[in-house]
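K.L.:
fold the following.
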Amino acid sequence: MASIQLHSRSYKVPHRPCAIICVDGFDPEYLEQGIQDGILPNLARMVKTGFHATGKVAMPTFTNPNNVSIITGVPTAVHGIAGNFYLDPVTLEERMVLDDTLLRGSTILEQLSLQGVRIAAVTAKDKLRCILQHGLRDGKTICFSAQYADRCTIEENGIAEVESYVGRPAPSQYSGDLSLFVLDAGIKLLEDDRADVFYLTLSDFIQHKFAPGDNEANTFLEAIDTKIGRLLELGAVVGVTGDHGMSDKCLHDGAPNVLFVQDELEAKFGTDCARVICPITDPFVRHHGALGSFVRIHLPKDRLPERDAMIEYLRKFPQVDFAVDGADAAARWEMPLDREGDIVLVSAKNAVLGAKAGEHAMESIKDHRLRSHGGLSEQDVPVILSIPKGSAVGADQHWHNYDIFDLVLNSA
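P.N.:
Residues are numbered from 1 along each chain as shown. Alright, predicted model coming up:
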């Protein structure tokens, strides 16, 4: 049987349709609560008769790093994309990751395509689309975002008039329905036999606002489960995982439990003593106010002698779980050393980290308890396969979300 090799891992070229779904913000509690409430019959059946484990995600636990880990099968130290947002070391400008410029190496999708496998990659937000499309801009591979479904062209996306094709307009980017549109598109493409391997990656808008068991969360997950059921009916081998978990980040009174790191550092060490970068930052501030569980701190060269003192100072705050230097962080959590800050902070489970209070859209999160991610407390996600695990699967009991292609392709 034909196979591909990538980063020392082997993947079989499938002989039947395969759909890998990344449920953004898929904390295991959502699966457990949904099965307990009886609203996830298809996922419950997959857990019972296929394969299920709780796996770890790559650090930091953000969307871009983990989607890239999933499509490459490796941690961020290997593929090089370690955040949604970063400080350019040359220009010292803060930049959004909007394309595959920082990606090191190839992807499973690209390598399958080179073997003649038809690929369809659909994402909720366009910020990921250009990364998923690495090596796939051939006018044949289908790759688009629900966010910009009205802008697709054959030349850029391999498909045009997506809204007409799916049968409904793309929903608001601030809705759970944006994710359901992704699944609807995947179902339609499978029904029409337009691809062999599907990568469908969703949005965590609902999970940022609603806890497991909330009516809104249950309604959303029930709809996802129904659409997974349709993919199964159509004969696909389905794998489901998440890019990160999700934690409540509030105090008992409902106020966000935030440490504004740059404000605190400047109060202690002086103005412009550091630059705090929040890698969760993206255009969707209504999800989380750009507050996450992980930040990088970059120091001017003349402040590097104060790094150890800053680390010790930051360790005193109850919102901080880990404060370490960049080399320690890269080694501990398999992140790319050359893209680390001088200091790395990871928050406690019930807290988030920001830069300066005035730089965060706090008004956007007043209507709900803040839920967010980025740290060690959001590393757990389900790893689920619709059929029993194949003997060719290479991973052992230490599962990661980025084993999902291994599970699906080497079991199908």
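K.L.:
who touches Tyr199 in this structure?
P.N.:
20, 22, 70-71, 109, 119-122, 132 (C-beta atoms under 8 Å, 6 or more residues apart in numbering). Quick note: C-beta positions are derived from backbone N, CA and C, even for glycine.
K.L.:
going by distance to Asp308, which of these wins?
P.N.:
Ile70 (36.2 Å; C-beta to C-beta).
K.L.:
does Val383 belong to a helix, a strand or coil?
P.N.:
strand (DSSP: H, G, I helix; E, B strand; the rest coil).
K.L.:
related to what we said a few turns ago, which ones among the contacts of Tyr199 map onto strands?
P.N.:
Judged by DSSP state E, strands contain the following of the contacts of Tyr199: 20, 22, 119-122.
K.L.:
turn those into JSON lines, columns for distance to Ser10, neighbour count and pLDDT.
P.N.:
Output for those, formatted as JSON lines (distance: C-beta to C-beta, whole Å; neighbours: other C-beta atoms under 10 Å; pLDDT from 0 to 100):
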{"residue": "Ile20", "distance to Ser10": "17", "neighbour count": "26", "pLDDT": "98"}
{"residue": "Cys22", "distance to Ser10": "22", "neighbour count": "27", "pLDDT": "98"}
{"residue": "Ile119", "distance to Ser10": "18", "neighbour count": "24", "pLDDT": "98"}
{"residue": "Ala120", "distance to Ser10": "23", "neighbour count": "23", "pLDDT": "98"}
{"residue": "Ala121", "distance to Ser10": "21", "neighbour count": "30", "pLDDT": "98"}
{"residue": "Val122", "distance to Ser10": "26", "neighbour count": "29", "pLDDT": "98"}
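K.L.:
widest-spaced pair of these?
P.N.:
Farthest pair in the ones in strands among the contacts of Tyr199, by C-beta to C-beta: Cys22 and Ile119, 15.0 Å.
K.L.:
okay, stretch 221-234 in PDB with CA atoms only?
P.N.:
Extracted in PDB, the C-alpha atoms of stretch 221-234 (Å, rounded to 0.1, in the frame of the first residue of the first chain):
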ATOM      1  CA  LEU A 221     -22.300  20.300  20.200                       C
ATOM      2  CA  GLU A 222     -25.500  18.400  19.400                       C
ATOM      3  CA  ALA A 223     -25.400  20.000  15.900                       C
ATOM      4  CA  ILE A 224     -21.800  19.000  15.400                       C
ATOM      5  CA  ASP A 225     -22.600  15.500  16.400                       C
ATOM      6  CA  THR A 226     -25.400  15.300  13.900                       C
ATOM      7  CA  LYS A 227     -23.100  16.400  11.100                       C
ATOM      8  CA  ILE A 228     -20.500  13.900  12.200                       C
ATOM      9  CA  GLY A 229     -23.200  11.300  11.900                       C
ATOM     10  CA  ARG A 230     -23.800  12.400   8.300                       C
ATOM     11  CA  LEU A 231     -20.100  12.000   7.400                       C
ATOM     12  CA  LEU A 232     -20.200   8.500   8.900                       C
ATOM     13  CA  GLU A 233     -23.400   7.700   6.900                       C
ATOM     14  CA  LEU A 234     -21.500   8.700   3.700                       C
END
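K.L.:
so what touches that stretch?
P.N.:
So stretch 221-234 is contacted by 17, 19, 21, 23, 30, 34, 39-43, 46, 176, 179-180, 183-184, 186-187, 190-191, 202, 238, 240, 386 (C-beta under 8 Å, 6+ apart).
K.L.:
return the subset of those residues lying in strands.
P.N.:
19, 21, 238, 240.
K.L.:
which one of these has the most neighbours?
P.N.:
When neighbours are counted by other C-beta atoms under 10 Å, Val240 leads the ones in strands among the contacts of stretch 221-234 with 29 neighbours.
K.L.:
ok, now which ones touch it?
P.N.:
Contacts of Val240 by C-beta under 8 Å, 6+ apart are 20-21, 23, 26, 43, 46, 228, 382-384, 404.
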